[in-house]
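K.L.:
Quick one, what's the 3D model for this:
(chains A, B, C and D)
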Amino acid sequence: MSSFKEFKIKWGMAIDLDKCTGCGACMVACQAENNIAPQPDASNKLKSLNWLVVYELTNGKPFPEHEVAYLPRPCMQCGKPSCVSVCPVIATDKNEEGGIVSQVYPRCIGCRYCMASCPYHARYFNWFDPTWPEGMDKTLTPDVSVRPRGVVEKCSFCHHRFMQAKDKARVEGRDPNALNDGDYITSCTEACPNGAIVFGDVNNPAHKVHDLVKGKYAFRLLERLGTDPQVYYISRREWVRRLGDNYLENEKVKG
Amino acid sequence: MEDRQLNSSGCATDGGKCCGGGITPFLVGLVVSLIFGWWVFPDMLYSKKEQPIRFSHKVHMESAGMECKQCHVLREDGTFAGLPSTASCADCHSDVMGSDPEEARFVNEYVKTGKEVKWLVYQIQPDNVFFSHAAHSLDGCNQCHDFKESELCAQCHPDVANSDSAPTHFENKLTGYSKQTMKMWQCERCHANENHYGVTNSSNACFVCHK
Amino acid sequence: MALDRRGFLKFIGGATAGILATPVVWKSLDDVSIWTQNWSWIPRNIDGANSYVPTVSKLCPSAVGVKVRLVDGRPVRVLTNNDHPLGGGLSSIAAAEVQLLYSPSRMKRPLKRTADGAYVGITWEEAEAILVEGLKKAKGGDKLAVVSGDETGTINELFTALAAEMGSKSCFLMPGEAQSAAKAWELMGGEGQVGYDIEKSDYVLAIGANVLETWGPVIRNRHAFRVGRPHGEAPAVRFAYAGPVQNNTAATADVWLAIRPGTEAVLALGLANLLIKAGATSPAADFADFKALAAKFTPEQVAAQTGVDAKRLAAVAQELAKAKRPLVIAGSEFGQGGGAAPVLAGLALNALLGSMNREGGIRALPYARKVVPAAMDRKALLQNDLVAWLGKVASGKSAAPQAVVFYEANPVYALPQADAMKATLAKVPFKVAFTSFLDETAMACDLVLPVPMGLERFDDVDTPYGCGQVVYALAVPALAPLVDARPAGDVVIGVAKKLGADLGVAAFADALKAKAEARGASFTEPSATNAHVSNAVLPVNGIALRADVLSKAIDVKAPAFPVALAPVAKLNVGTSKTATPPFNTKTVRRWEIQGKELYVMMNGATAAKLGLQKHDRIELSNPAGKFTARVNLFEGVINDTVAVPAGHGHTAFDEFSKGKGENVMRLLAAGAEPGTGLSVWTSAGVNIAKA
Amino acid sequence: MDKNYDLPIDAALFPEGCTRCSLSKFLVWITIVMAVFGWGLYAAYRVLAEGLGVTGLDDYFGFGLWITFDLAVIALGAGAFFTGLLRYILNIDPLKNIINLTVIVGFLCYSGAMLVLVLDVGQPLRAWFGYWHANVHSMLTEVIFCITCYLLVLIIEYVPLILEQKQLNRNKLVHAIAHNFHLMMPLFAGIGAFLSTFHQGSLGGMYGVLFARPYIARDGFFIWPWTFFLYVLSAVGSGPVFTVLVCTIMEKMTGKQLVSWEIKSLMGKIAGTMLTVYMVFKLADTWAWANDILPRSGLTFDQVFYGWIYGKWLLWAELFACGVLPAIILIIPSTRNNRTLFYTAAILDCIGVTINRYVMTVQALAAPVMPFDSWETYAPNWAEWGASAMIMAYAALVLSLSYRYLPVFPQEVKLNK
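P.N.:
Numbering: from 1, shown residues only, chains lettered A, B, ... in the order given. Predicted structure coming up:
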């Protein structure tokens, strides 16, 4: 396994699960932003393509002790991604400042080895060519290329917005590598009406997310497997935090 | 049936005798395919197209004293406008200015009708490529180089500043791209050059150029 | 040269060697792979200059303030507008609004129904002629009815003015929370429109009212929630929710009080009882009566009727009493049919908590003055009860009108007892729908007129019910209509003229300008945010608690059915007017719809009692209707209750929603609320049998 | 040459001294095979023209029947390299009597696997990226290179057999080529053994390196997880008996004895020995996995099994019924020489390896890692079965033609006198 770079900038998310109601606005905003095709029947969740999926979590107790929580799952942009080293053709990599795991569609041969490696199911395959209802393809944004069938895709943290923010900084004479908090946020972050997602540079103390990820109630999914995700979750509810990783019966949960 | 088979196998056995021709057929085959591969095939692969209007960059640069970025504008949000719209050409060419019949044709066919010109772009890139004109600025490159604006542009684009007519556009029939569309290795001449990294903050990471 | 086999083989060998030394193979291999990046049947990116148009969504019931991103004039995204008083995020419908412009079920031209029942496309001139002819026959004596699906727009003034000119007062809004609230507020003697200042409250108790999903201006509510709950920190504002299902509001609320469907008012009175015992009082003249009424709702009594846990009830009462600026919001868990009693009881609670006319409490907001002289004002319009009227028409107590005009309303799908309503509407000889989509109601009309979608037209939103402030927002077109649609307002003005009536405005835009002025908005032209906020409030004096009405209206009978029915409304499946937008099929939960089948939720204990397991196919039935569905076990449902996702089971629209699941409205039977006469359908029940 | 009109009309092409069924009977058989092949071809067409959505694969099961099929046939095809290694490098001479068949079976398994891969990758037109843009860190790259090279070796090993066809071999040049190829065979066998070891191993390594999938993640040695070595061992522990089984099926179908019992028994002994070695390591690996890797991931042994479809019975069957049991039968001479027990053991051995490849592929993907994730099930659909059947038909076709026209079995004439 290859070693991975450390980056000066590390884009990350802090998602407050106590604020998410599972309304789905982020999922819709993601599809529209990233030119993901709609599906007339998306009831087979194992074959419906959406970079961001909201999982339903339950504390497993019967009524009336039952509690429910919703967990939006973008790509974790792992610090040590299990998907990158396995790709036979370097279609995915983690080499750009910011630490976003890239996926280059014209390079992908569609072997799906990366999908097998990802325990978060963050990677999706284009089982068919994407189609839009007649005329709806006119609403495609110019920012993200449309993927043909046969390639794997995943959340890119709306990487194009990063590029746009840098270009805007350049024409305004600012340093593109020192973006202000909020100059670059993902489509889901922007859309969430509850403000459940905070996005920014985890390494930059001027960004709100920097402190949030260090909070007492912050955790990451499957931390002990060593993937080192750049997406953090926050919940004051212990049972929610416990569902973030596998625990043996006698093990204590963090926070 | 039996006979025929025996005959055919017989021919195979005495094949050694008719082993004539020596190396000649091999050489003929070699030469034919070399000619086909190097001269005929490239011609077959591309279709030639001319620009809808014979546009002279030279006139605009020399006579009108314009710079590239006056028409090929970087917008305020950092995006690049690429080719000027008919409306922006009409800022000057609202009426025929010179004696060039092509200009007159442009004014009559496009400015007056408000139609956009379907210019052919020599460097058109696939959708999966993100190219930032803002990042490839004169300021950035001239920290070390000493480019004039047109020289910088000509690093990737055909050097049209001094030409009176636009070059022929060769379109690849298979891929739909221009013959001059840069391949990734051409981008990497700079991007994979580590001397650039500290100076321009460039890198050769995938997502710097892909979308 | 004679070429024998050997020679030929040598030639081939040479040619092969040669071709490998040319670009033919290698270039082709490369170009073929480049070709796979650019398959002609895969849509391309189209570059261009960005521009942004701030507007307000007329599509989303939460009237969310948004920005539309255009690329060279081509709309590509609906984006968050943080500067808008109704913005601050997106709803899952508003987020899909741009794409809905190209919805397969969008109306592209006027249609008329021919004698054989088929629809044919016609021109607008023909359509207007048919409309004028049809309306002429409905002149005089309430022979024309208008049903509007727009609660907040000035467009209603044009439609109601037309009706008035035709001699009719039968103008209705589609049922919603606003009608129940208007009735309750009126009974209490309140003036203007009741408003809830969620933004400044420190304790919000929502009884029934699904404040984060279907009640009021949801995105504005959510924004208040967002501000009150700083990321990763202890919440500055506590939220409590009472309802039968752990819905989206309950999911993040600090407290979920599980109560049986339709018992919101009982819960509120139970809380009132505890608060009064703890010393709460009110200057209301009928406080003594109210106290006496509330005293009957002891915790035991409330627990028995609502199923609420008595300890949790007491805890919430204490929290309310302790809070500095508590606010109680009562309503229907699925945004309609709740009657006036819950709102009345909820407002009474606010009175006990001193929340009347206080920051972070209840506000009385002035209605805007009419700008179309002959129109019915909002207050009057809210008093008309569509369900009750249709019930009278069905039973023959009222004569069926000669003509009905539907404006962006889909009553055939969205009214309770949907099957019966459809049959009733069939009695009307001439039906016209102004709509953007070919919905169930349009499919039942004689004439269907396409209106531009919200992003293609000028329109307005005036203080949606629930807002704590007067908010007037202008919708401005981000693009010209993509189809042959005409703004309904202008069509109405033109038609009125042909019928010989002058509505007093020359164009719909003039009405909007006048309305903006009436609201004191500084803009009369599109501006950067297009929204005006005012802190104007009306005095709240002499409020009565109306124990007399409440005592009659709260009529908890023993359940007539073994299982109570709790519809669960969510915005992601769209509205009755839009159905499920194409992108949103992916947001429907796995065990909500599978293929064409609907899943309904119940808890494990209920399922065990009924002998059911997850995925079992069951039939839900009552006198109003029946359908089959499958069982999903969800512990966030109160005992003996089945929670049914609403918004499915469309019989019109497109492949993204047609024929998927079942329409829960078919099982909801409407009754009249004693004491107020309002139609209610929040306490339905069903029989469940294995199918 | 005297004409004997009782012989099939293509008799002149038969191997020296061998008899074959009539051409019409042969054609009937070939027609049946081609029908199956055609069905698979249709499935392949649909997959290539419309996309992999026509299969039963999904985002949870990116790998399914085809990868299982590939891994299984590649493991079972290992008879080729291992027998080659023993025959040519270690000079175990009796194996010459079955070496041709092992080469053909190996060739079929590998070329068949490659054909399936063309369908299984989403963008077959870009498949060459695997060579041109290779990621040296990926185990799959190792697999791609080794399999390709090894397939070339197998072709080189197969070619002399074709050239030894009676009529072709009359040509002096062909004869000379075939002869010279044979002389070089030890070299190719050596290269083949090297390549094959690596790719068998890297197939196992492919799974073992998936460190975020506790079901298959394994620690290891240098860059290779233990599965690397387990796959090599399990392949050599089953490949030889698979060849024997193929041979026996051919014997049943043709009604002839093609390879003497001694040779089969020898193959059984070889496989049995290797299987025994494998089982020692496999049991140790399973123990370490259950007691170290799983608890380190916060999981218990019980949590990685689910219901009947992914139940523990699969593990017990793989380890004991199809592992330890056949190993014992095959290493003890008395049980090995009992034909019923021998064939039973051979079949169990092959089933065991197939189960191993199946659970490593499918169950590994089915096992949820996120605690709130769910177990999902996978069932291949007609398109996957069809394409797999196409490969079987292709193998049957090549084997039939090889048997009919090529001198595959040196002992055939002697054994059928």
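K.L.:
longest helix in the chain, by residue count?
P.N.:
By default, I'm working from chain A. Counting by DSSP state H, the longest helix found in chain A is helix A:159-171.
K.L.:
I was thinking of chain D, sorry if that wasn't clear
P.N.:
Criterion DSSP H: the longest helix present in chain D is helix D:172-208.
K.L.:
Let me see the mean pLDDT of that helix.
P.N.:
Helix D:172-208 carries an average pLDDT of 86.
K.L.:
So what's the predicted local confidence for the closest residue to chain B within the stretch 101-250 of chain A?
P.N.:
Nearest residue of the stretch 101-250 of chain A to chain B (C-beta to the nearest C-beta) works out as A:D167 at 3.0 Å. C-beta coordinates here come from the backbone N, C-alpha and C atoms, glycine included. Note for A:D167: predicted pLDDT of 94.
K.L.:
where do the strands sit along chain A?
P.N.:
Ranges of strands in chain A, per DSSP state E, are A:11-16, A:53-58, A:68-73, A:92-93, A:102-103, A:123-125, A:152-154, A:197-201, A:218-219, A:231-234.
K.L.:
can I get those strands in CSV with mean neighbour count?
P.N.:
Listed next are the strands of chain A as CSV, based on neighbours: other C-beta atoms under 10 Å in any protein chain shown:
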stretch, mean neighbour count
strand A:11-16, 27
strand A:53-58, 19
strand A:68-73, 22
strand A:92-93, 22
strand A:102-103, 24
strand A:123-125, 24
strand A:152-154, 23
strand A:197-201, 26
strand A:218-219, 22
strand A:231-234, 26
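K.L.:
For B:G20, give me the pLDDT.
P.N.:
Looking at B:G20, its pLDDT reads 49.
K.L.:
Give me the helices and strands touching the following helix or strand past the longest helix of chain D, please.
P.N.:
Next along the chain after helix D:172-208, taking DSSP states H and E as the criterion, comes strand D:220-221. Helices and strands touching strand D:220-221, by 3 or more C-beta pairs under 8 Å, 6 or more residues apart in numbering or on different chains; DSSP states H and E, are helix D:226-236.
K.L.:
Can you tell me how far B:H145 is from C:T160?
P.N.:
Look at B:H145 and C:T160: by C-beta to C-beta, to the nearest Å, they are 72 Å apart.
K.L.:
So between those two, which is more surrounded?
P.N.:
Set side by side, B:H145 and C:T160 show more neighbours around C:T160, with 27 against 11, by other C-beta atoms under 10 Å in any protein chain shown.
K.L.:
Let me see the contact set for the more buried one.
P.N.:
C:V146, C:C171, C:V372, C:A374, C:A375, C:M376, C:L381 (C-beta atoms under 8 Å, 6 or more residues apart in numbering or on different chains).
K.L.:
So which of those residues wins on neighbours?
P.N.:
C:V146 (30 neighbours).
K.L.:
Any idea what that residue is bridged to?
P.N.:
Beta-bridge pairing for C:V146 (DSSP bridges): C:C171, C:V405.
K.L.:
what sits against it?
P.N.:
Residues in contact with C:V146 (C-beta under 8 Å, 6+ apart) are C:F159, C:T160, C:L162, C:A163, C:S168, C:S170, C:C171, C:F172, C:V404, C:V405, C:Y407.
K.L.:
PyMOL command for the buried members of the residues you listed?
P.N.:
Buried subset of the contacts of C:V146, written as a PyMOL selection, criterion 16 or more other C-beta atoms under 10 Å in any protein chain shown:
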select buried, chain C and resi 159+160+162+163+168+170+171+172+404+405+407
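K.L.:
Out of the contacts of C:V146, the closest to C:L79 would be?
P.N.:
Distance to C:L79 across the contacts of C:V146 (C-beta to C-beta) is lowest for C:Y407, with 28.1 Å.
K.L.:
Next one: the nearest residue to A:V240 once chain neighbours are set aside relative to D:Y110, how far apart?
P.N.:
Nearest residue to A:V240, sequence neighbours excluded (C-beta to C-beta, 6 or more residues apart in numbering or on different chains): A:A69, at 5.0 Å. From A:A69 across to D:Y110, the span is 50 Å (C-beta to C-beta).
K.L.:
and chain C, which of its residues are near chain B?
P.N.:
Listed as neighbours of chain B in chain C under the rule C-beta under 8 Å from any C-beta of the partner chain: C:1, C:3-8, C:10-19, C:21-24, C:27-28, C:31-32, C:34-35, C:37-38, C:40, C:44-45, C:47, C:49-50.
K.L.:
neighbours of residue 116, just the number please.
P.N.:
No chain in the question, so chain A it is. Neighbour tally, A:A116, other C-beta under 10 Å: 25.
K.L.:
nope, chain D
P.N.:
Using other C-beta under 10 Å, D:V116 has 22 neighbouring residues.
K.L.:
Could you measure from it over to chain A?
P.N.:
Applying C-beta to the nearest C-beta, to the nearest Å, the value for D:V116 to chain A is 12 Å.
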